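Asks: Generate a structure from the sequence data that follows.
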Amino acid sequence: MKTDLTDTTASKINKALVLGRRAIGTPAVGMVLTLVIVTDEENAYDALKAASDAAHEHPSRTLLVIKRVSRSPRDRTRSRLDAEVRLGADAGTGETIVLRLYGDVVDHAQSVVLPLLLPDAPVVVWWPANAPLDPAKDPLGALAQRRVTDTYACEEPIRELVARADAYAPGDTDLSWTRITPWRSMLAAALDQVDCEVQSVEVEGEEFNPSCELLAMWLADRLDVPVKRTVSSGPGLTAVRMDTDCGPVVLDRADGSLANLSIQGQPARAVALKRRETAELIAEELRRLDPDDTYASALRYGVDRLNAPAKGDEGAAGDGKGASAVAAPVGTVAKAPAKEAAREKAPVRKAAAK
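Replies: So this is what the prediction gives:
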């Protein structure tokens, strides 16, 4: 069931929801959360489709907020709200409300969204593209327990990573981080199978892919070893090579779907490591609404600390071969705060994810 409302208000939208539920014979509200998607017309279809697919696992009220750009100064002063209310087969397992904002109301989207939130239910805000630099301080982000961004959709993803680290607040997360969950699980499981100490790591992937940087920062942060970031033709992450005191551990995925795990002294094995769709990533993020401390720690490690020389390899001061001569990480266009560089860490552990 679909209801179109032109030049409407939040109260009329709520009334349409009640009437629609009665018309299709489901007056009760069985939603577990409110998912607010903030995007533009270009990305609206793909984002809504991903949210609808994720709703099979997490029935939710989805609010798609589309901020329309007015073409003339006169139109910019005319506020208007158009809405589509979708229930039943048109909304999958949840409820969908498409909100198109015009004029001055674009700058006050929170006043439209707030009356439409499910009572006593968590709120998640997702920006598929063009996320604010500080999501927690955004008017819509302030309504949410969880704020989802995607640095992969940014024009300068490495700069965005630095900005995310500076503005991080509990509840922030990134789909570029979600994409590497299978990699982190596989690498941790591989290290659990050996009784060795990791000495250095190399992360290989396509250029300007923030998932590669995040995986490299996670490994450097958890293992306290030098991590080198190298470039490949992709797709996405292609390989992680860990040098240990009892031989190399290599996870190589050349085709984007099937990976090969090699551990010294053990037969090589094939493991499924396919690239996941956006719907799977959103569904994973909706499974947890508490702060992700592991993501925060990896993010704050800083991209500028990747490609650091191994301990004992630094040149003498002033000889041009020390840390000042180390090449910057791939795609780096900005530096993270230098205060993290002085952080002391515990001795190297054999497992990466604890």
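
Asks: which residues of this protein fall in strands?
Replies: Ranges of strands within the chain are 2-5, 33-39, 60-67, 80-86, 95-102, 123-126, 146-149, 172-174, 198-206, 227-232, 237-244, 247-252, 258-263, 269-272, based on DSSP state E.

Asks: is it true that Ala163 touches Leu133?
Replies: Yes. Using C-beta atoms under 8 Å, Ala163 makes contact with Leu133 at a distance of 5.0 Å. For every residue, glycine as well, the C-beta is placed using N, CA and C.

Asks: between these two, who's got more neighbours?
Replies: With neighbours defined as other C-beta atoms under 10 Å, Ala163 and Leu133 compare such that Ala163 has more, 19 against 12.

Asks: remind me which residues of this structure are low pLDDT?
Replies: 26-29, 70-77, 90-92, 308-354 (pLDDT under 70).

Asks: ok so, going back, export the strands of the chain to JSON lines and tack on mean neighbour count and distance to Leu215?
Replies: Output for those, formatted as JSON lines (neighbours: other C-beta atoms under 10 Å; distance: least, C-beta to C-beta, whole Å):
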{"stretch": "strand 2-5", "mean neighbour count": "15", "distance to Leu215": "42"}
{"stretch": "strand 33-39", "mean neighbour count": "25", "distance to Leu215": "26"}
{"stretch": "strand 60-67", "mean neighbour count": "23", "distance to Leu215": "29"}
{"stretch": "strand 80-86", "mean neighbour count": "20", "distance to Leu215": "38"}
{"stretch": "strand 95-102", "mean neighbour count": "22", "distance to Leu215": "34"}
{"stretch": "strand 123-126", "mean neighbour count": "25", "distance to Leu215": "22"}
{"stretch": "strand 146-149", "mean neighbour count": "26", "distance to Leu215": "17"}
{"stretch": "strand 172-174", "mean neighbour count": "25", "distance to Leu215": "12"}
{"stretch": "strand 198-206", "mean neighbour count": "21", "distance to Leu215": "6"}
{"stretch": "strand 227-232", "mean neighbour count": "19", "distance to Leu215": "9"}
{"stretch": "strand 237-244", "mean neighbour count": "22", "distance to Leu215": "7"}
{"stretch": "strand 247-252", "mean neighbour count": "18", "distance to Leu215": "11"}
{"stretch": "strand 258-263", "mean neighbour count": "18", "distance to Leu215": "13"}
{"stretch": "strand 269-272", "mean neighbour count": "11", "distance to Leu215": "16"}
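
Asks: Now do the helices in this structure.
Replies: 10-23, 41-54, 73-76, 109-113, 157-167, 175-178, 181-192, 210-223, 278-285, 293-301 (DSSP state H).

Asks: I'd like the ones you listed laid out as JSON lines, including distance to Arg61.
Replies: Shown next, in JSON lines, are these (distance: least, C-beta to C-beta, whole Å):
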{"stretch": "helix 10-23", "distance to Arg61": "9"}
{"stretch": "helix 41-54", "distance to Arg61": "11"}
{"stretch": "helix 73-76", "distance to Arg61": "30"}
{"stretch": "helix 109-113", "distance to Arg61": "11"}
{"stretch": "helix 157-167", "distance to Arg61": "27"}
{"stretch": "helix 175-178", "distance to Arg61": "21"}
{"stretch": "helix 181-192", "distance to Arg61": "26"}
{"stretch": "helix 210-223", "distance to Arg61": "30"}
{"stretch": "helix 278-285", "distance to Arg61": "15"}
{"stretch": "helix 293-301", "distance to Arg61": "26"}
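
Asks: Can you say which of these is nearest to Glu95?
Replies: Glu95 sits nearest to helix 10-23 of all those, at 6.7 Å, using C-beta to C-beta.

Asks: returning to what we had before: who wins for proximity to Ile66 among the helices of the chain?
Replies: helix 41-54 (5.5 Å).

Asks: mind listing what's buried in that closest one?
Replies: For helix 41-54, burial by neighbour count (16 or more other C-beta atoms under 10 Å) applies to Asn43, Ala44, Ala47, Leu48, Ala50, Ala51, Ser52, Asp53, Ala54.

Asks: which of those residues lies closest to Glu204?
Replies: Relative to Glu204, the closest of these is Ala50; by C-beta to C-beta it sits at 28.0 Å.

Asks: Would you check that that closest one makes contact with Thr278?
Replies: Yes. Assessed by C-beta under 8 Å, Ala50 is found in contact with Thr278 at 4.1 Å.

Asks: Pairing partners for Leu63 in the sheet, please.
Replies: Here Leu63 sits in beta bridges with Val36, Ile97, going by DSSP bridges.

Asks: Please look at Leu133 and Leu161 and confirm they touch.
Replies: No. Counting by C-beta under 8 Å, Leu133 does not reach Leu161; the two are 11.8 Å apart.

Asks: my read: Trp183 touches Leu273, true?
Replies: Yes. Counting by C-beta under 8 Å, Trp183 does reach Leu273; the two are 7.1 Å apart.

Asks: what touches both of the two?
Replies: Leu251 (C-beta atoms under 8 Å, 6 or more residues apart in numbering).

Asks: Now the strands of the chain in CSV, please, with extra columns for distance to Asp304.
Replies: Below are the strands of the chain laid out as CSV (distance: least, C-beta to C-beta, whole Å):
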stretch, distance to Asp304
strand 2-5, 50
strand 33-39, 30
strand 60-67, 34
strand 80-86, 44
strand 95-102, 39
strand 123-126, 28
strand 146-149, 21
strand 172-174, 18
strand 198-206, 15
strand 227-232, 11
strand 237-244, 20
strand 247-252, 25
strand 258-263, 29
strand 269-272, 32
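
Asks: That's all I had, so thanks and see you.
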